[in-house]
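S.K.: Just need the structure, nothing else, for what follows:
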Amino acid sequence: MPPTSPAGEDSGVPASAPAGDTSADLVELARRSHQVITEHQHPSGAYPASPTFSAYRGFAWFRDGSFTAEGISRYGDAESANRFHDWICGVLSARGEQIREVVQATAAGEETPMERMLPTRFTLDGDDGSVPWWDFQTDGYGMWLWAVATHAKRHGVDLSRWRAGIELCHDYVVSAWHRPCYDWWEENVEQRHVSTLGALYGGLTAIAAAGVLDDERTSRAAQTAGEIRKLVLDEGVSGGHLTKWLGTDAVDGSLPACIVPFGLLDVDDPIAVATRAAVARDLDVDGGVHRFRADVFYGGGQWLLLAALLGWNRAAAGETGAAWQHLRWIAAQATDDGELPEQVPDHLLAPEHRQEWLDRWGPVATPLLWSHGMYLILADELGLLPEVTR
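M.R.: Okay, the predicted model is just below:
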């Protein structure tokens, strides 16, 4: 996070803020984001994806929750993040035998049937749930390894608290990383997605460096991460930029995560520079970011969490003006109650498909806790969070 200081006593303006930006509303939205996330956190520690949306209510994802927990951790609420990581550790420990079966099958050269792989979402109590979903997906497991290691380092938490879950998650990722699976958006199960591979790389490298694994697991984590990176560079680059999946030339709004925070590429690597440019060119409109050009979900609107992700990357690359544009765009989408939706129907890519999703699932998820978590992350990158609690 860049160093900041008030522009004037109690002005609430980070030194890095654009001239003329009072930022009071941006700071207040950070406070509100923390409130929304924590007031909806389940007693188990789980963060529900959305407390009101018909298809998300009552369920938690490792993917959404890991980024939400990162925002909460950056805000300074270590206890809320600890409780989330406790919940995940419990979910994994309860499935220890299932994970060991996957590991043993992979070691024997066998492929575990998809229905025996770990699910993508869980009930808030940690059960599998009875409603079919788009399983399986591996990205969230890599994301959690990154999130728990990053949080523990930030707040000086002893990672041995979550060692049992970390070891199981590591073993599962090392055994399953190479398989095609659904992407972040729960589509295209037949593909190997670059953003998924980036999340797995980020998780394995973070946990290998954290010192919580034994020597054998640390070595396997580093080796697997190296294999993932080589595969992406060999087959997941086209036109000089990262691609949506191996073998295509399309881009996806999730691709910047391979750079920041997962570190598969350095911020100034030419492929990273080209990836940011490709995502901005194809998917960014006035600060709001689409998922991908062929998106039809709710008509293919602009996603707040992806605006924050691209802003996060731009801030890390020194493009602070563009990063501030993303932050202000996100804030402008808040409801009167300060709740952030999943997406907004501006610049729809496929407006003819919007009504079918409204008929199927009702209004767009609002609030989406992942949107609030990502807002906190970008606000921190731009120096706003010290203004929230000072």
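
S.K.: for the longest helix along the chain, packing partners?
M.R.: Determined from DSSP state H, the single longest helix within the chain is helix 215-235. Secondary-structure packing of helix 215-235 (3 or more CB pairs under 8 Å, 6 or more residues apart in numbering; DSSP states H and E): helix 163-176, helix 194-209. In short, each C-beta sits where N, CA and C put it, glycine included.

S.K.: hmm, try it at 10 Å
M.R.: helix 139-155, helix 163-176, helix 194-209 (3 or more CB pairs under 10 Å, 6 or more residues apart in numbering; DSSP states H and E).

S.K.: Direction included, what does the helix or strand just after it pair against?
M.R.: Toward the C-terminus, helix 215-235 is succeeded by strand 237-238 as the next helix or strand (DSSP states H and E). If you go by DSSP bridges, strand 237-238 pairs up with strand 241-242 (antiparallel).

S.K.: could you give the mean pLDDT of the partner strand?
M.R.: For strand 241-242, mean pLDDT is 98.

S.K.: Can you tell me how far the residue nearest the centre of the chain is from residue 218?
M.R.: Geometric centre of the chain, nearest residue: residue 67, 4.5 Å, by CA atoms, centre = their mean. From residue 67 across to residue 218, the span is 25 Å (CB to CB, to the nearest Å).

S.K.: now do residue 194
M.R.: Relative to residue 218, and taking CB to CB, residue 194 is found at 25 Å.

S.K.: out of the two, which sits in the busier spot?
M.R.: For the pair residue 194 and residue 218, the greater number of neighbours falls to residue 194 (28 against 18), based on other CB atoms under 10 Å.

S.K.: Run a quick check on the more buried one versus residue 243, I expect a contact.
M.R.: Yes. Here residue 194 reaches residue 243: they are 5.8 Å apart, a contact under CB atoms under 10 Å.

S.K.: winner for burial among the helices and strands packed on helix 215-235?
M.R.: Highest mean neighbour count among the helices and strands packed on helix 215-235 (mean count of other CB atoms under 10 Å): helix 194-209, with a mean of 27.

S.K.: which strands and helices sit next to that one?
M.R.: On a contact count with 3+ CB pairs under 10 Å, 6+ apart, helix 194-209 meets helix 62-75, helix 139-155, helix 163-176, helix 215-235, strand 241-242.

S.K.: Quick one: distance of the second one to the chain centre.
M.R.: When you say that, I think you mean helix 139-155. 11 Å (CA atoms, centre = their mean, to the nearest Å).

S.K.: on that earlier part again, put together a markdown table for the helices and strands packed on helix 194-209, with distance to residue 313 on each row.
M.R.: Putting the helices and strands packed on helix 194-209 into a markdown table (distance: least, CB to CB, whole Å) gives the following:
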| stretch | distance to residue 313 |
| --- | --- |
| helix 62-75 | 14 |
| helix 139-155 | 15 |
| helix 163-176 | 24 |
| helix 215-235 | 17 |
| strand 241-242 | 12 |
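
S.K.: Go through the ones you listed and name the closest to residue 112.
M.R.: helix 163-176 (8.2 Å; CB to CB).

S.K.: okay, the closest one in PDB with CA atoms only?
M.R.: Listed next in PDB are the C-alpha coordinates belonging to helix 163-176 (Å, rounded to 0.1, in the frame of the first residue of the first chain):
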ATOM      1  CA  ARG A 163      -2.100 -26.700   9.300                       C
ATOM      2  CA  ALA A 164      -4.500 -29.600   9.000                       C
ATOM      3  CA  GLY A 165      -6.600 -27.800   6.400                       C
ATOM      4  CA  ILE A 166      -3.500 -26.400   4.600                       C
ATOM      5  CA  GLU A 167      -2.000 -29.800   4.200                       C
ATOM      6  CA  LEU A 168      -5.200 -31.300   2.900                       C
ATOM      7  CA  CYS A 169      -5.700 -28.400   0.500                       C
ATOM      8  CA  HIS A 170      -2.100 -28.700  -0.700                       C
ATOM      9  CA  ASP A 171      -2.500 -32.400  -1.400                       C
ATOM     10  CA  TYR A 172      -5.700 -31.900  -3.200                       C
ATOM     11  CA  VAL A 173      -4.400 -29.100  -5.400                       C
ATOM     12  CA  VAL A 174      -1.200 -31.000  -6.300                       C
ATOM     13  CA  SER A 175      -3.300 -34.000  -7.300                       C
ATOM     14  CA  ALA A 176      -6.000 -32.200  -9.200                       C
END
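
S.K.: and residue 122, that one's in a strand?
M.R.: Yes. Counting by DSSP: H, G, I helix; E, B strand; the rest coil, residue 122 falls inside a strand.

S.K.: got the contact list for it?
M.R.: Contact analysis of residue 122 by CB atoms under 10 Å, 6 or more residues apart in numbering lists 44, 46, 58-62, 65, 87-88, 91, 94-95, 128-129.

S.K.: Then residue 88?
M.R.: By CB under 10 Å, 6+ apart, the neighbours of residue 88 are 45-46, 60, 62, 65-66, 69, 122, 126, 140-141, 144, 147-148, 162, 165-166, 169.

S.K.: where along the stretch 1-150 of the chain do the helices fall?
M.R.: In the stretch 1-150 of the chain, the helices defined using DSSP state H, counting those that start in this stretch lie at 24-40, 62-75, 78-94, 96-107, 139-155.

S.K.: so which of those helices comes closest to residue 327?
M.R.: helix 24-40 (6.5 Å).

S.K.: quick one: that closest one to chain centroid distance?
M.R.: Relative to the centre of its chain, helix 24-40 is centred 19 Å away, using CA atoms, centre = their mean.

S.K.: could you dump it to CSV, C-alpha only?
M.R.: C-alpha atoms of helix 24-40 as CSV (Å, rounded to 0.1, in the frame of the first residue of the first chain):
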residue,chain,number,x,y,z
ALA,A,24,-15.4,11.2,1.9
ASP,A,25,-17.9,9.0,0.1
LEU,A,26,-15.2,6.5,-0.8
VAL,A,27,-14.1,6.3,2.8
GLU,A,28,-17.6,5.8,4.0
LEU,A,29,-18.2,3.0,1.5
ALA,A,30,-15.2,1.2,2.9
ARG,A,31,-16.8,1.4,6.4
ARG,A,32,-20.0,0.2,5.0
SER,A,33,-18.3,-2.6,3.1
HIS,A,34,-16.8,-3.9,6.3
GLN,A,35,-20.2,-3.6,8.0
VAL,A,36,-22.0,-5.5,5.2
ILE,A,37,-19.5,-8.3,5.2
THR,A,38,-19.3,-8.8,9.0
GLU,A,39,-23.0,-8.4,9.7
HIS,A,40,-23.8,-11.3,7.2
